[in-house]
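Trainee: sequence and computational prediction follow.
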Amino acid sequence: MKADIIIKNISNLITMQGENRPRTKDEMRDIGLIENGIVAINDDKIIYVGEGECPSTIEIDKDTIVIDGRGKTVTPGLVDSHTHLVHGGSRENELAMKLKGMEYLDILKMGGGIHSTVSATKKATFDELYEKAKKSLDVMLDFGITTVEAKSGYGIDDFQTELKQLEVAKKLNEDHPVDIVSTFLGAHAIPEEYKENPDKFVEILIEEMIPEVSKKGLAKYCDVFCEEAVFSIEQSRKILNAGKKHGLLPKIHADEIKPLGGAELAAEVGCVTADHLVAASDEGIKMMAEKKVIANLLPATSFNLQTGKFAKARKMIDSGVPVSLSTDYNPGSCPTENLQLAMSFASLIMKLTPEEVITAVTINGACALGMENEVGSIEEGKKADITIFDAPNLNYIIYHFGINHAERVIKKGILVK
């Protein structure tokens, strides 16, 4: 078979080879490292992974693109499995409030936070949302991200805005090199008109919104912000079970601020991921480990909120919870597309090893989006999604933080950077 692209002499080839399932405990430190590695690509697939030279069965001709990986670290394309990609406006005006010590829920009560972005997203046209999200996707790709999750959630009571967000994500998935997996987050906040009767809004979500999103095929997942002053445990349970009934797999914003029992609910309902988990209880962590619910942790959000509180990532891994890492890119609590920065925070602050970090943003991130059979590792037969870092080893990527180490990016067998 002919090779369209060859990457050879790779100083550190991180393959993540193994079973296509979430890695836990010691497995998260087994990254399938090959020194003097080589990868061959035909069309959009990986056709050979090994050490030294390609076998004679791989044809190389004058049209083959040959990349020298000497002094480089090569990994699977990074997966950002929790973002709020499509939205209008920004919220830099809230910086002064945060500097004065105002907490997130206080800003929300004043009409800021999610409500501010909801207003901006409603006003934005399809094209305006598309161009803004495309710009962010371009930045993400430049950082080595090749697969992204995109949530709705900034229409809330205006269902047409929710659909508009999902339609934008769908169009970008068709147009842009980065793969986008969509999540319906209609349960992102309680609309003001339903503050006195939130159960009525839950009823609308269950009986009208979720069935329509499913019918239109606009999302793979259903998510809910389970938090004090937002959606209760019982309300969240109803929403997630309704999503399951209509074929939307469950995810949950859980225990971000208060230990409400979101981690326990994630295990009970069978969520693919429980995200944030800063205030998750030990019992919740135990239950997630038993049910193999992926803990999708967002250290850049904790850093930006400056509460001094981060998810107990070390305890989660040691307890057998599979962990993924994401940016949580959004206009309020984490306005950054830089997953490499989140990776450094996960190691420097949450004490994950570099090996655990790269596992969390490759194969475990792929599992968080149900993409593990296609991406997340460098193996024969998988999509040729590969990031080449201008770094001599994995530790250097984490250690030399705050800059972009991604030198080249291959997406579906095409050199896109």
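Mentor: Looks like it came in fine.
Trainee: mind giving me the domain split of the protein?
Mentor: For the chain, automatic domain parsing gives the domain ranges 5-76+377-415, 79-368.
Trainee: most packed of the ones you listed?
Mentor: Mean neighbours per residue, mean count of other C-beta atoms under 10 Å, is largest over the domains of the chain for domain 79-368, with a mean of 21. C-beta coordinates here come from the backbone N, C-alpha and C atoms, glycine included.
Trainee: start to end distance for that one?
Mentor: Using C-alpha to C-alpha, to the nearest Å, the end-to-end distance of domain 79-368 comes to 9 Å.
Trainee: ok, now how distant is residue 202 from residue 236?
Mentor: Separation of residue 202 from residue 236 (C-beta to C-beta, to the nearest Å): 9 Å.
Trainee: can you work out which residues contact both of these two?
Mentor: Common neighbours of residue 202 and residue 236, using C-beta atoms under 8 Å, 6 or more residues apart in numbering, are residue 187.
Trainee: circling back: any chance of the domains of the chain in JSON lines, plus mean pLDDT?
Mentor: Converted to JSON lines, the domains of the chain look like this (pLDDT from 0 to 100):
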{"stretch": "domain 5-76+377-415", "mean pLDDT": "97"}
{"stretch": "domain 79-368", "mean pLDDT": "95"}
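Trainee: show me the contacts for residue 18.
Mentor: With C-beta under 8 Å, 6+ apart, residue 18 has these contacts: 27, 30, 32, 363, 377.
Trainee: sorry, slip of the keys, the one I care about is residue 40.
Mentor: For residue 40, the contacting residues are 3, 5-6, 46-49, 54, 58, by C-beta under 8 Å, 6+ apart.
Trainee: name the SS class of it, please.
Mentor: Recorded secondary structure, residue 40: strand (DSSP: H, G, I helix; E, B strand; the rest coil).
Trainee: that one bridge partners, please.
Mentor: For residue 40, the beta-bridge assignment (DSSP bridges) gives partners residue 6, residue 48.
Trainee: out of the contacts of residue 40, which is nearest to residue 121?
Mentor: Among these, residue 46 lies closest to residue 121 (C-beta to C-beta), at 38.3 Å.
Trainee: and that closest one, that's in a strand?
Mentor: Yes: counting by three-state DSSP, residue 46 is part of a strand.
Trainee: hang on, the earlier thing: got a markdown table for the contacts of residue 18, with distance to residue 305 and secondary structure too?
Mentor: Conversion of the contacts of residue 18 to a markdown table gives the following (distance: C-beta to C-beta, whole Å; DSSP: H, G, I helix; E, B strand; the rest coil):
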| residue | distance to residue 305 | secondary structure |
| --- | --- | --- |
| 27 | 31 | helix |
| 30 | 33 | coil |
| 32 | 35 | coil |
| 363 | 28 | helix |
| 377 | 33 | coil |
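Trainee: and those as TSV, adding distance to residue 292?
Mentor: Putting the contacts of residue 18 into TSV (distance: C-beta to C-beta, whole Å) gives the following:
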residue	distance to residue 292
27	12
30	17
32	21
363	14
377	18
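Trainee: and the top strand by length along the chain, how far from the chain's centre?
Mentor: Criterion DSSP state E: the longest strand present in the chain is strand 179-187. Taking C-alpha atoms, centre = their mean, to the nearest Å, the mean C-alpha location of strand 179-187 is offset from the chain mean by 11 Å.
Trainee: other SSEs contacting that strand?
Mentor: Under the contact definition 3 or more C-beta pairs under 8 Å, 6 or more residues apart in numbering; DSSP states H and E, strand 179-187 sits against strand 145-151, helix 159-175, helix 210-216, strand 221-226, helix 233-245.
Trainee: just want the angle from that strand to strand 221-226.
Mentor: Orientation check (axes from the mean of the first three to the mean of the last three C-alpha atoms, to 10 degrees): strand 179-187 against strand 221-226 gives 40 degrees.
Trainee: with just CA atoms, put strand 179-187 into PDB.
Mentor: Listed next in PDB are the C-alpha coordinates belonging to strand 179-187 (Å, rounded to 0.1, in the frame of the first residue of the first chain):
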ATOM      1  CA  ASP A 179     -14.600  17.000  14.100                       C
ATOM      2  CA  ILE A 180     -17.400  18.400  16.300                       C
ATOM      3  CA  VAL A 181     -19.600  16.300  18.500                       C
ATOM      4  CA  SER A 182     -22.700  18.100  19.700                       C
ATOM      5  CA  THR A 183     -24.400  18.100  23.100                       C
ATOM      6  CA  PHE A 184     -27.800  19.600  23.900                       C
ATOM      7  CA  LEU A 185     -27.600  21.700  27.100                       C
ATOM      8  CA  GLY A 186     -31.000  23.300  27.200                       C
ATOM      9  CA  ALA A 187     -30.800  22.800  30.900                       C
END
